[in-house]
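Peer 1: pasting a predicted model and its sequence here:
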Amino acid sequence: MRQLSPPQENQSRHFAGAKLRAAKCRNCPLWENATQTVFGAGAVVTPLMLVGEQPGDKEDRAGLPFVGPAGHIVDRVLSQFGIARENVYTTNAVKHFKYQQSGKRRLHKTPVQREIEACRPWLLEEIEIVNPKLIIALGATAARSLLQRSIPIHANRGKQFLTASGHPVLLTIHPASLLRMPSADRDAAYQLFLDDLAPIKKLMLH
Ligand code: URA
């Protein structure tokens, strides 16, 4: 097993404590219908953090972020840059699955501002623990939580902004949007997504 230096041990301890506290979070009503809190996962000693919107059906059941179809796209992108998922930290702006039951299916519902705000302290704590060199905001909800304002993604994708704590945030689309588009458009859109994320390759080499 890889030896951790004392500061890294501190990070790991802080992470474990925050995850335990988040498991009992009642800051908004979303916990009531969700299976569990889905806290961030991966390396806590890493230059790269990816932030999505909220767990989906698969993530809610597994208790891990980005393990469903959108997560497979994230894995594909990372592997194209030669990066293993376990070497980055992935999380979400909102840590409970918000959905509407439709027969046996649980259909995703976009979290509203007060739910994003209620969950924000957890995201800020994750940023404090990991202290990444770059945060990727995957879509509008992540961008809104990280930058505390609403920013049109398509006009700003590939650009970097700073959080209040001074952490750079690179904006891009949410990978699930690729799954929703007509298959004829998907390859070109995937390429644009890769282009947005090009800075992460160099980041992970240092
Ligand atoms: N979409 C997200 O934003 N996050 C996940 O963890 C899964 C799907």
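Peer 2: That came through fine.
Peer 1: let me see the contact set for Ile83.
Peer 2: Leu48, Ile200, Lys201, Met204 (CB atoms under 8 Å, 6 or more residues apart in numbering). C-beta here means a position set from N, CA and C on the backbone, and glycine is covered the same way.
Peer 1: between these, which is nearest Ala164?
Peer 2: Leu48 (19.9 Å; CB to CB).
Peer 1: in this structure, which residue is closest to the centre?
Peer 2: Centroid-nearest residue in the chain, with CA atoms, centre = their mean: Val51, separated by 2.2 Å.
Peer 1: pretty sure it contacts Val88?
Peer 2: No - the pair Val51 / Val88 is not scored as a contact, 11.2 Å apart, by CB atoms under 8 Å.
Peer 1: host element of Gln191?
Peer 2: helix 183-196 (DSSP states H and E).
Peer 1: CA atoms of that helix as PDB?
Peer 2: Extracted C-alpha coordinates of helix 183-196, given in PDB (Å, rounded to 0.1, in the frame of the first residue of the first chain):
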ATOM      1  CA  SER A 183     -26.600   9.600 -32.100                       C
ATOM      2  CA  ALA A 184     -25.600  11.400 -35.300                       C
ATOM      3  CA  ASP A 185     -24.400  14.400 -33.300                       C
ATOM      4  CA  ARG A 186     -22.800  12.500 -30.500                       C
ATOM      5  CA  ASP A 187     -19.300  12.000 -31.900                       C
ATOM      6  CA  ALA A 188     -18.700  15.700 -32.700                       C
ATOM      7  CA  ALA A 189     -20.100  16.700 -29.300                       C
ATOM      8  CA  TYR A 190     -17.900  14.200 -27.500                       C
ATOM      9  CA  GLN A 191     -14.900  15.700 -29.300                       C
ATOM     10  CA  LEU A 192     -15.800  19.200 -28.100                       C
ATOM     11  CA  PHE A 193     -16.100  17.800 -24.600                       C
ATOM     12  CA  LEU A 194     -12.600  16.300 -24.900                       C
ATOM     13  CA  ASP A 195     -11.300  19.700 -26.300                       C
ATOM     14  CA  ASP A 196     -12.700  21.500 -23.200                       C
END
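Peer 1: tell me which of the contacts of Ile83 is nearest to Gln80?
Peer 2: Using CB to CB, these come closest to Gln80 at Lys201, 8.9 Å.
Peer 1: what pLDDT does that closest one get?
Peer 2: Reading off the confidence values, Lys201 has pLDDT 93.
Peer 1: you'd agree it is up against Phe81?
Peer 2: Yes - between Lys201 and Phe81 there is a contact under CB under 8 Å: 4.4 Å.
Peer 1: can you report phi and psi for the residue of the chain most remote from its centre?
Peer 2: For the chain, the C-alpha farthest from the mean C-alpha position belongs to Gly103; by CA atoms, centre = their mean, that distance is 28.5 Å. With angles defined as degrees, to the nearest 10, Gly103 sits at phi 60, psi -130.
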